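Chemist: Requesting a structural model of the entry that follows:
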Amino acid sequence: MHKRMTIVLAVLLGLAACNQDPTGSATVSPNELALAQQAQGLAADVATRSQTTCARWFVRLLDTLRTTDDPEALAFLDQARAYRDSAHMQFQAGNRDSARVLLRLSFRSVLSAVVELFPNAPARTGEAADAAIARIEDFLGDRDAPRIRAILAHVKELRTQADAALAAGDSVTAFALNLRSLQILHRLVEHVRDHHRDHDDVADQEMEDVGI
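Modeler: Predicted coordinates:
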């Protein structure tokens, strides 16, 4: 009943994030912060129009399951809830690292349910991320925005990894990476301002908090 999932802990526990400050400065310039605000709006517009946000996929999943009794998708959701319950127990016991791993496995199980019902979800989300990157780069032109460009370079790396995973048949990992890409762009202002943070981990935790 359960499909065998390929758990790629390197993906779940932190691919290299672009957390190096390319300017060497402790503060971001007001001009780049303003550019980030506009760029973030462009990314949000692409994700909203294409309905490829993490939250939107989850809504589609639940709406579909109200009328479609898909045993595989339901099994993945049961698995997700079991992981989340275990994570709560680990948090209560003070085992935060173990809890984080379980929460990410729970999130991956939910993504597996989405892919079960919508096999084109990884490709559609990747296309949306590419469109957002292209619109932001076109908007920036030759403006000086080293932190934004560093983040865009990292998101492009995630997209390359996602395409490789999809080509290898690991659609869930591809989906997770593409959603992470969009989520980073969706919080571009915060990532530019708080450049010392791990962009990947911040994006993953925000998506995991949506929950089901």
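
Chemist: show me the contacts for the residue nearest to the spatial centre of the chain.
Modeler: Centroid-nearest residue in the chain: Arg180, 1.8 Å away (criterion: Cα atoms, centre = their mean). Contact analysis of Arg180 by Cβ atoms under 8 Å, 6 or more residues apart in numbering lists Leu158, Asp200, Ala203, Asp204, Met207. For glycine as for every other residue, the C-beta is placed from the backbone atoms N, C-alpha and C.

Chemist: Tabulate those (JSON lines), appending pLDDT, secondary structure and neighbour count.
Modeler: JSON lines is the format used below for the contacts of Arg180 (pLDDT from 0 to 100; DSSP: H, G, I helix; E, B strand; the rest coil; neighbours: other Cβ atoms under 10 Å):
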{"residue": "Leu158", "pLDDT": "96", "secondary structure": "helix", "neighbour count": "26"}
{"residue": "Asp200", "pLDDT": "75", "secondary structure": "helix", "neighbour count": "23"}
{"residue": "Ala203", "pLDDT": "75", "secondary structure": "helix", "neighbour count": "24"}
{"residue": "Asp204", "pLDDT": "74", "secondary structure": "helix", "neighbour count": "24"}
{"residue": "Met207", "pLDDT": "76", "secondary structure": "helix", "neighbour count": "24"}
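
Chemist: where does the protein have low pLDDT?
Modeler: Scanning the chain with the threshold set as pLDDT under 70 gives 1-26, 195-198, 209-212.

Chemist: how about the strands in it?
Modeler: In the chain, no segments count as strands under DSSP state E.

Chemist: quick one, helices of it?
Modeler: For the chain, applying DSSP state H gives helices covering 9-12, 30-50, 54-65, 71-92, 96-117, 121-140, 146-167, 171-186, 188-193, 199-208.

Chemist: Identify, out of those helices, the most deeply packed stretch.
Modeler: For those, the largest average neighbour count (mean count of other Cβ atoms under 10 Å) is found in helix 171-186, namely a mean of 26.

Chemist: Next, the angle helix 54-65 makes with that one.
Modeler: 140 degrees (axes from the mean of the first three to the mean of the last three Cα atoms, to 10 degrees).

Chemist: chain center to helix 171-186: distance?
Modeler: Taking Cα atoms, centre = their mean, to the nearest Å, one finds helix 171-186 lying 4 Å from the centre of the chain it belongs to.

Chemist: so that helix versus helix 96-117, what angle?
Modeler: Following the same axes, to 10 degrees, one obtains 110 degrees for the angle between helix 171-186 and helix 96-117.

Chemist: Ser98 contacts Met89, doesn't it?
Modeler: No - Ser98 lies out of contact with Met89 (Cβ atoms under 8 Å); the separation is 9.5 Å.

Chemist: picking up where we left off before, and which of the contacts of Arg180 is nearest to Arg84?
Modeler: Nearest to Arg84 among the contacts of Arg180 is Met207, at 13.7 Å by Cβ to Cβ.

Chemist: Now do the closest residue to the closest one other than its chain neighbours against Arg60, distance only.
Modeler: Nearest residue to Met207, sequence neighbours excluded (Cβ to Cβ, 6 or more residues apart in numbering): Cys54, at 4.5 Å. Using Cβ to Cβ, to the nearest Å, Cys54 is found at 11 Å from Arg60.
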